[in-house]
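>>> need coordinates for the following:
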Amino acid sequence: MSKHNETGVKGEQIAEKYLLERGHMLLHRNWCHGKKEVDLITERNDMLVFTEVKTRSRMDYGFPEEAVNYKKQAYLKTAAEAFLEKNPGYVKIQFDIISIYIERNTVKEIMHFEDAFY
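Residues are numbered from 1 along each chain as shown. Here you go, the predicted structure:
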């Protein structure tokens, strides 16, 4: 596995633990519909939460959350629609971003952007 893929997997594990500690119930990890993937799908207080996790070990390309641009948001919305078609009954949903900065295998920063986009 390449270094950036390892960083991404580690970030998703950190984000999952972070959400569970804050009362989220994990429904799916890396849920796929075709080539579209949602990193984490959780439920908290009757809210279905689709979370995109971005992890960086260097800031050469900007803050991790900046990678969730309009195109990526549209991609996540399409995946969420497919999930909701297969899992009807959810009324409230939101899209979150968890941004993680790791330096020398140490988490330096976790930012949780709740209800980050619509």
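
>>> what's next to whichever strand or helix holds Glu37, contact-wise?
Taking DSSP states H and E as the definition, Glu37 sits inside strand 36-44. Here strand 36-44 makes contact (CB atoms under 8 Å, 6 or more residues apart in numbering) with 12, 15-16, 19, 22-31, 48-53, 75-76, 78-80, 82-83. Quick note: C-beta positions are derived from backbone N, CA and C, even for glycine.

>>> filter those down to the buried ones.
By neighbour count, with 16 or more other CB atoms under 10 Å, these hold 12, 15-16, 19, 24, 31, 48-53, 75-76, 79-80, 82-83 as buried.

>>> where does the chain have low pLDDT?
Scanning the chain for pLDDT under 70 picks out the ranges 2-4.

>>> those helices in it, which residues are they?
For the chain, applying DSSP state H gives helices covering 3-21, 70-86.

>>> by contact count, what packs against the shortest one?
In this case it means helix 70-86. Contacts defined by 3 or more CB pairs under 8 Å, 6 or more residues apart in numbering; DSSP states H and E place helix 70-86 against strand 25-33, strand 36-44, strand 47-56, strand 92-103.

>>> in the chain, which residue is most central in space?
Glu52 (2.1 Å; CA atoms, centre = their mean).

>>> quick one: contacts for that residue?
Residues in contact with Glu52 (CB under 8 Å, 6+ apart) are Val38, Asp39, Val68, Lys72, Leu76, Phe95, Asp96, Ile97, Ile98.

>>> give me that answer again for 6 Å
Asp39, Val68, Leu76, Ile97 (CB atoms under 6 Å, 6 or more residues apart in numbering).
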